[in-house]
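Enquirer: here is a sequence with its predicted model. Questions after.
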There are 2 protein chains.
Amino acid sequence: MRDPLAAALSTIVGAEHVITDPAVRATYETDWTGRFRGSAHLVVRPGSTAEVASVVQACAQAGATIVPQGGNTGLVAGAVPHGSVVLSTRRLSAVEDVEHATGQVTVGAGATLAQVQDHAARSGLRVGVDLAARGSATIGGMIATDAGGIHAIRYGTMRYALVGVEAVLADGSLVGRLGGLGRDPVAALVAGSEGTLGIVTRARLRLIPAWPERATILLAFDALAAAVAAVPVLRARLPDLEALEAFDRTCLDLAAARPGARDPFAGRAAADVFVLVEVAANRPLVDELVGAVEDVDGVLDAVVAADDPDRRRLWALRDGIADAIATAGIPHKLDVGLPLDRLESFVAALRPAVAAVDPAARTFVFGHLGLGNLHVNVVGPAADDERVDDAVLRLVLEHGGEIGAEHGIGRAKARWMNLSHTAAELALRDRLKRALDPDGLLNPGVLAP
Amino acid sequence: MRDPLAAALSTIVGAEHVITDPAVRATYETDWTGRFRGSAHLVVRPGSTAEVASVVQACAQAGATIVPQGGNTGLVAGAVPHGSVVLSTRRLSAVEDVEHATGQVTVGAGATLAQVQDHAARSGLRVGVDLAARGSATIGGMIATDAGGIHAIRYGTMRYALVGVEAVLADGSLVGRLGGLGRDPVAALVAGSEGTLGIVTRARLRLIPAWPERATILLAFDALAAAVAAVPVLRARLPDLEALEAFDRTCLDLAAARPGARDPFAGRAAADVFVLVEVAANRPLVDELVGAVEDVDGVLDAVVAADDPDRRRLWALRDGIADAIATAGIPHKLDVGLPLDRLESFVAALRPAVAAVDPAARTFVFGHLGLGNLHVNVVGPAADDERVDDAVLRLVLEHGGEIGAEHGIGRAKARWMNLSHTAAELALRDRLKRALDPDGLLNPGVLAP
């Protein structure tokens, strides 16, 4: 091995965990959508916290920057390397026993969400954050992006599930508190910092009960305004409201065309906006859910899940949207936040704004309605053509929104930070970065305008 | 006015809002318990965010340090000045309209919790964090300490209610995001930072529905172990569990002796530990609560609130503890966190540890059982005698606990940080402080070992 850094890292983690072969490296260099491609100096896979610290120190000595990477399910190129060392956390996947008294668990950053869910389920518990990429997304990556997902309306984003962390800073020092009592300033610092301030190696999570009863309804509205107006009504009527997901007609048509799927409203009243509502607790919930929906104005049609297979069919429509879009082409995935009272005017202006840039582009809109978190997906423009991104993100800012929500900013949206952040905010970010990582070792280019 | 700083500040806020009169200053110089006394250079009461920024700059130019102060209900001397300028946020009390769609509200840092609760109630909503000092405690102070309170088991601490902040940094710059879409790194940074990193001027809070139905039960246990074992059972059985408060026999006796109060278990089975359980939602809850309690082992006796006056009588026992203790003497109030599985052994060792220092001291224990957050109150030792604090905090650390929980560290516990924090954690804290406040302008001595 002629690369001196590879040799040094091999001494730390073992040669089999230093990947220099371009063919093997490739899966670490491209994101899930295929839109963002980079190249890594090498990939290193430490197997313990101590190895992470040593790897960071070795890279610092060699002047090599580091891109931390979990399941590589990110959508904003936040884990795509451009000459950096990729530090894969995947081997840090140990999960400790669930603590019965508190319902908390300490897990390695490389454990996947599905792995932790299965582990928690054996104690009658689950993680409050859930998302479609659960089989690949790691806890560390979910912390770095402060992942939201379909249950954030009830349990909050990843930040809220986080009782404490163990993290390695750019100088190789180990910080954080896993004692289970919360109030860990390091957890507050690294959650949402997208791997730029420290590398999470372990996390302690607050689990929630795995409720045995669940009720689900899909509502059809003729307009987004009515769906938005439903949000406060459903919140006030449903204390155990767990999901409030919206998607438009174009998403439903695409998802319903997938093998095994169908449009549950086919042949019935035409509707443009669909909202999936779910409640979960330990009592029968269908009557409560249906009663609450009766208080909602503007519902054209509704389908209640009668049983679990029904429920899965309704969720398959929502969960299938991203895959269905990916089949249509490499999407420009723009995860944004909008004030609820400006959601309708944003969506009304969206397709004209996209068409002005690329008349042939197809635009899909879905997301977490309760939080004003929309996923705008545009298929058509070339992967490296950022004109459509620019048009959509500027429209978001005109509507008082945020250019990044649960997916983060990454590299993909960093160039718009000068528009979305004040000079004082950017200066503050810069001071934090310099204080914790003065040499810019961790995730260069991410969250950096 | 011969003091040049007072003159400069008068130009900014008006002479009537610069308090130099020692008699008027006095209420800003002593904490609620009377244990901690300091002295202020002067007190300044800015009336707007712009005035806060100007005050901070003027103090920086004069080399005067600043102690931000809200309702002065803190219990760890975090707002008690020692020669600093006290910057009172009380005039920043404006509350904006509650936003219907999101159920969020933007309020000034100086608004009291009760003021915001009343305001929210007019929209059928309330703040998730509630605590006995609601009439005086300000939103800004609650953010600075990341206040917990009686509903944290359901809604989390103040950090979780916080969608965004507006804050003035030590250089006078204004940062934060009040757009209502969350993911404000400044909010994450200042929550729990006890006024050492920035001064919150406004905050945007996520409100929760003001549930119309509520059920409350007071349980009597013969031992703490049974009360601890009840925590996971009640969590799993009660999706709308809102409070899980514990207090010991000494607390009940003291609170029940207050005018108008009585021991609801008087003349019945002897018990040592009491747990107040409350659920809230929009359906009748008494049967659900009683049913859940039937699954709990070790319950010697129970009193269910039959109506609202009953409920208030039970809560008066819990809420009256702190006032009752204050009547008995100036307490050493030690707010600590313990792992639930070590709570019993900690409490068993507590009174012997206190007695070894001061055989005549009286010790009271109560707190937020669900989170392992105990308030150890000791009456007897002189206010400036820290031997009992030392004994209790060392016992906490021996049991894997945290020396500060919802009250923070302040000045009062700063000297124990070298025992409770690793060198790497202290170094990290120091780097953050230097990055944001290089001249140590904000709240010197607080959170500083």
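Expert: It's in. Numbers count the residues shown, from 1 in each chain, chains lettered A, B, ... in the order given.
Enquirer: and the next element down the chain from whichever strand or helix holds A:T363?
Expert: Here A:T363 sits within strand A:362-368, counting by DSSP states H and E. Following strand A:362-368 in sequence order, the next helix or strand is strand A:373-379 (DSSP H and E).
Enquirer: so where's chain A uncertain?
Expert: A:1 (pLDDT under 70).
Enquirer: name the single longest helix found in it.
Expert: Longest helix of chain A, by residue count under DSSP state H: helix A:308-328.
Enquirer: gap between that helix and the chain center?
Expert: Remark: helix A:308-328 is offset 17 Å from the chain centroid, using C-alpha atoms, centre = their mean, to the nearest Å.
Enquirer: what does it contact?
Expert: For helix A:308-328, the external contacting residues (C-beta atoms under 8 Å, 6 or more residues apart in numbering or on different chains) are A:33, A:132, A:150, A:214, A:216, A:218, A:245, A:247, A:251-252, A:254-258, A:260-261, A:264, A:274, A:276, A:303, A:305, A:331, A:362, A:364, A:366, A:375, A:377, A:379. Where you see a C-beta, it was placed from the backbone N, CA and C, and this is true even at glycine.
Enquirer: between the strand holding A:T363 and helix A:308-328, how many degrees?
Expert: Angle, strand A:362-368 to helix A:308-328, by axes from the mean of the first three to the mean of the last three C-alpha atoms, to 10 degrees: 140 degrees.
Enquirer: stretch A:365-380 spans what distance, first to last residue?
Expert: End-to-end span of stretch A:365-380 (C-alpha to C-alpha, to the nearest Å): 15 Å.
Enquirer: that one and chain B, are they touching?
Expert: Yes: using C-beta under 8 Å from any C-beta of the partner chain, stretch A:365-380 comes into contact with chain B via A:371-372.
Enquirer: spell out which parts of the stretch 101-250 of chain A neighbour chain B.
Expert: Residues of the stretch 101-250 of chain A lying close to chain B by C-beta under 8 Å from any C-beta are A:101-103, A:124, A:146, A:156-157, A:159-160, A:169, A:173-177, A:179-183, A:185-186, A:188-189, A:191-193, A:209, A:211, A:228-229, A:231-232, A:235-237, A:239-240.
Enquirer: those residues in helices, which ones?
Expert: Using DSSP H, A:159-160, A:185-186, A:188-189, A:228-229, A:231-232, A:235-237 are the members of these that sit in helices.
Enquirer: what is the most widely separated pair among the residues you listed?
Expert: The span of those, defined through C-beta to C-beta, is set by A:V186 and A:A229 at 40.8 Å.
Enquirer: same list (the ones in helices among the residues of the stretch 101-250 of chain A next to chain B) but as a markdown table, adding distance to A:A405 and neighbour count.
Expert: A markdown table is the format used below for these (distance: C-beta to C-beta, whole Å; neighbours: other C-beta atoms under 10 Å in any protein chain shown):
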| residue | distance to A:A405 | neighbour count |
| --- | --- | --- |
| A:R159 | 13 | 21 |
| A:Y160 | 15 | 17 |
| A:P185 | 24 | 24 |
| A:V186 | 23 | 23 |
| A:A188 | 19 | 23 |
| A:L189 | 20 | 23 |
| A:V228 | 17 | 24 |
| A:A229 | 21 | 18 |
| A:V231 | 16 | 25 |
| A:P232 | 20 | 20 |
| A:R235 | 19 | 20 |
| A:A236 | 24 | 20 |
| A:R237 | 26 | 19 |
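Enquirer: distance to A:G337 for these - can I get that in JSON lines?
Expert: Output for those, formatted as JSON lines (distance: C-beta to C-beta, whole Å):
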{"residue": "A:R159", "distance to A:G337": "15"}
{"residue": "A:Y160", "distance to A:G337": "17"}
{"residue": "A:P185", "distance to A:G337": "25"}
{"residue": "A:V186", "distance to A:G337": "25"}
{"residue": "A:A188", "distance to A:G337": "20"}
{"residue": "A:L189", "distance to A:G337": "21"}
{"residue": "A:V228", "distance to A:G337": "14"}
{"residue": "A:A229", "distance to A:G337": "19"}
{"residue": "A:V231", "distance to A:G337": "14"}
{"residue": "A:P232", "distance to A:G337": "18"}
{"residue": "A:R235", "distance to A:G337": "18"}
{"residue": "A:A236", "distance to A:G337": "22"}
{"residue": "A:R237", "distance to A:G337": "25"}
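Enquirer: alpha carbons only: can I get the longest helix of chain A in CSV?
Expert: C-alpha atoms of helix A:308-328 as CSV (Å, rounded to 0.1, in the frame of the first residue of the first chain):
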residue,chain,number,x,y,z
ASP,A,308,-54.0,-3.9,8.8
PRO,A,309,-53.7,-4.9,5.1
ASP,A,310,-55.9,-1.9,4.2
ARG,A,311,-53.7,0.3,6.3
ARG,A,312,-50.6,-1.0,4.6
ARG,A,313,-52.2,-0.3,1.2
LEU,A,314,-52.9,3.3,2.1
TRP,A,315,-49.3,3.8,3.4
ALA,A,316,-47.9,2.1,0.3
LEU,A,317,-49.3,5.0,-1.7
ARG,A,318,-47.4,7.5,0.5
ASP,A,319,-44.2,5.4,0.9
GLY,A,320,-44.2,4.6,-2.8
ILE,A,321,-44.0,8.1,-4.1
ALA,A,322,-40.2,8.6,-3.8
ASP,A,323,-39.5,5.2,-5.5
ALA,A,324,-42.1,5.9,-8.2
ILE,A,325,-40.5,9.3,-9.0
ALA,A,326,-37.1,7.8,-9.1
THR,A,327,-38.4,5.4,-11.8
ALA,A,328,-39.5,8.4,-13.8
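Enquirer: just want the angle from that helix to strand A:373-379.
Expert: Using the same axes, to 10 degrees: helix A:308-328 against strand A:373-379 is 40 degrees.
Enquirer: now helix A:308-328: buried residues?
Expert: Going by neighbour count (16 or more other C-beta atoms under 10 Å in any protein chain shown), the buried part of helix A:308-328 is A:311, A:313-322, A:324-326.
Enquirer: swap in stretch A:341-356?
Expert: Using 16+ other C-beta under 10 Å as the test for burial, stretch A:341-356 gives A:341-344, A:346-347, A:350, A:353-354.
Enquirer: in this structure A:W416 contacts A:L393, no?
Expert: Yes: A:W416 lies in contact with A:L393 (C-beta atoms under 8 Å); the separation is 5.0 Å.
Enquirer: need the residues touching each of these two.
Expert: Listed as contacting both A:W416 and A:L393 by C-beta under 8 Å, 6+ apart are A:I403.
Enquirer: which of those two has more residues huddled nearby?
Expert: A side-by-side neighbour count of A:W416 and A:L393, using other C-beta atoms under 10 Å in any protein chain shown, places A:L393 first with 23 against 20.
Enquirer: how close does that one get to A:L169?
Expert: A:L393 is 31 Å from A:L169, where distance means C-beta to C-beta, to the nearest Å.
Enquirer: same deal with A:L334?
Expert: As judged by C-beta to C-beta, A:L334 and A:L169 stand 32 Å apart.
Enquirer: between these two, which one's more packed in?
Expert: Using other C-beta under 10 Å as the criterion, A:L334 and A:L169 rank with A:L334 on top: 28 against 25.
Enquirer: for the lengthiest strand in chain A, packing partners?
Expert: The longest strand of chain A (DSSP state E) is strand A:199-209. When contacts are defined as 3 or more C-beta pairs under 8 Å, 6 or more residues apart in numbering or on different chains; DSSP states H and E, strand A:199-209 packs onto helix A:49-62, strand A:104-108, strand A:125-127, helix A:139-145, helix A:158-161, strand A:162-168.
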